[in-house]
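S.K.: Starting from these lines, generate the structure:
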Amino acid sequence: MAGPTRAAERRRAQQQLLALRTMRAADRLWREVSPTRITASWRTIANHMAALLIAAQQAAAAGAQSYVDDVVTELGGESDPAGDLNPAAFAGRAADGRSLASLLDQPRITTLTNLAAGAGPRQALDAGRVQLLRIVGSETADAGRSAAGAGITSNRTCTGYVRVIAPGACNRCVILAGMTFHTEVAFRRHPHCHCTNEPTIAGRSRPHTDPDAYFHSLTRAQQEATFGRAGARAIRDGADINAVVNIRRRGALYTTTDAYGRRVQATREGTTRRGAYYRAERARISQQTGIRYARDRIEAQQGLPAFRLAGARLTPEAIYQTAATREDAIALLRQYGYLI
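M.R.: The predicted structure follows:
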């Protein structure tokens, strides 16, 4: 299975280790927060916590320029940076632009909010701890990615970047594995994301791990943990991995009672006029009936009929819930656009 450059693998491992060490140090500091004096005890460590995170951000950014140079060299190019990166410029603020002091105060507020809601002191502190570890880990990784992105953009040899996923990546990251983006496209990440951006150069493309190859490199248990039991089963049955993941986007799911006489899960994903499922269904019904449907406003004005989806688009879970046999399930996976 193809993969990233050696330099990108080293960078990813280094960044992940740095984030882990920062989280452990933050965890030790958080233990000094007293369950009976939360605000007062937090104030005694707040500056230390901020200093810890700033140092981690700067360390994450420090090796970005040499990393970009190493990848370019490994790909057979000649690095041409427009200037030197300033690691300190990537430290001291949150990825969304707010101050670190404001961001790092959120775990204290979360702890107090949980106490006010009736949680016990230990339970409330644990909620604040989880949030704190997510913050320091994510902000450390973001600083490293941001610096690498600046290094890629400022290096005239680089044409863009490719996403390198980390072991244990979530399903949203997996479907972006190996995708190439222009330098002006922001790196898509989520809290605790450990994926990295590897530079690309013109005429020296390198095969990368693709989502399907990554999926099949996982054990059955890992597949189901990442994609869900039904989602993993659908992919093993040949469903498109992107379609399976995309239906679980926030806001995409709803329930219906008009499918096969029972309440099953359905999705809005792909059902708009511009959606892949909508277009595929329009083409399928048109072929079956011989009716040509309007594809745009102009054709509608010319008198061609508008296409309407006959029913909801079922999720893989609903398909396996209703199908009597595997053959039926595969037929439904194809009907609802998971198989092509």
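S.K.: So what does Thr325 have for phi and psi?
M.R.: The phi/psi pair for Thr325 (degrees, to the nearest 10) reads phi -130, psi 170.
S.K.: which phi and psi does Asn155 have?
M.R.: phi -100, psi 110.
S.K.: Quick one: neighbours of it, just the number.
M.R.: 23 (other CB atoms under 10 Å). Just so you know, the C-beta spots here come from the backbone N, C-alpha and C atoms, and that holds for glycine as well.
S.K.: Identify the residue nearest it in space, chain neighbours excluded?
M.R.: Pro81 (4.9 Å; CB to CB, 6 or more residues apart in numbering).
S.K.: what's the neighbour count on that neighbour?
M.R.: Neighbourhood size, Pro81 [other CB under 10 Å]: 16.
S.K.: right, and it touches Thr153 too?
M.R.: No - with contact defined as CB atoms under 8 Å, Pro81 does not reach Thr153; the gap is 10.2 Å.
S.K.: For Gly118, see how far away Thr124 is.
M.R.: To be clear, residue 124 is Ala; Thr isn't right here. Computed as CB to CB, to the nearest Å, the Ala124 to Gly118 distance reads 9 Å.
S.K.: same thing with Tyr67?
M.R.: Tyr67 is 48 Å from Gly118, by CB to CB.
S.K.: pLDDT weak spots in this structure?
M.R.: 1-2, 184, 204-209, 247-277, 307-312, 317, 339-340 (pLDDT under 70).
S.K.: all helices for the stretch 101-250 of the chain, in order.
M.R.: Taking DSSP state H, counting those that start in this stretch, the helices of the stretch 101-250 of the chain run over residues 106-116, 121-153, 171-174, 211-217, 220-227, 229-236, 241-246.
S.K.: mind giving me a markdown table with these and columns for distance to Asp296 and mean neighbour count?
M.R.: A markdown table is the format used below for those (distance: least, CB to CB, whole Å; neighbours: other CB atoms under 10 Å):
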| stretch | distance to Asp296 | mean neighbour count |
| --- | --- | --- |
| helix 106-116 | 47 | 17 |
| helix 121-153 | 37 | 21 |
| helix 171-174 | 31 | 20 |
| helix 211-217 | 32 | 17 |
| helix 220-227 | 35 | 16 |
| helix 229-236 | 32 | 21 |
| helix 241-246 | 24 | 21 |
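S.K.: can I get the ones you listed in a markdown table with distance to Ile54?
M.R.: Formatted as a markdown table, these follow (distance: least, CB to CB, whole Å):
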| stretch | distance to Ile54 |
| --- | --- |
| helix 106-116 | 17 |
| helix 121-153 | 9 |
| helix 171-174 | 27 |
| helix 211-217 | 34 |
| helix 220-227 | 33 |
| helix 229-236 | 40 |
| helix 241-246 | 35 |
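S.K.: Walking through this protein, point out its strands one by one.
M.R.: Assigned by DSSP state E, the strands in the chain fall at 158-164, 180-182, 196-201, 253-259, 262-267, 313-314.
S.K.: contacting residues around the nearest residue to Ser146 once chain neighbours are set aside?
M.R.: Counting by CB to CB, 6+ apart, Ser146 lies nearest to Phe90, which is 5.5 Å off, once chain neighbours are set aside. Residues in contact with Phe90 (CB atoms under 8 Å, 6 or more residues apart in numbering) are 57-58, 60-61, 143, 146-147, 150.
S.K.: Same question for Ala64.
M.R.: Counting by CB under 8 Å, 6+ apart, Ala64 has contacts 85, 87, 144, 147-148, 150-151.
S.K.: repeat that with 6 Å
M.R.: The contact partners of Ala64, taken as CB atoms under 6 Å, 6 or more residues apart in numbering, are 85, 147-148, 151.
S.K.: for Phe215, same thing?
M.R.: Ile235.
S.K.: If we use 7 Å, what do you get?
M.R.: Counting by CB atoms under 7 Å, 6 or more residues apart in numbering, Phe215 touches 174, 223, 235, 241.
S.K.: got it, and Ile175?
M.R.: If you count contacts by CB under 7 Å, 6+ apart, then Ile175 has 211, 241-242, 245 around it.
S.K.: Looking at those residues, spot the one nearest Gln302.
M.R.: Asn242 (33.7 Å; CB to CB).
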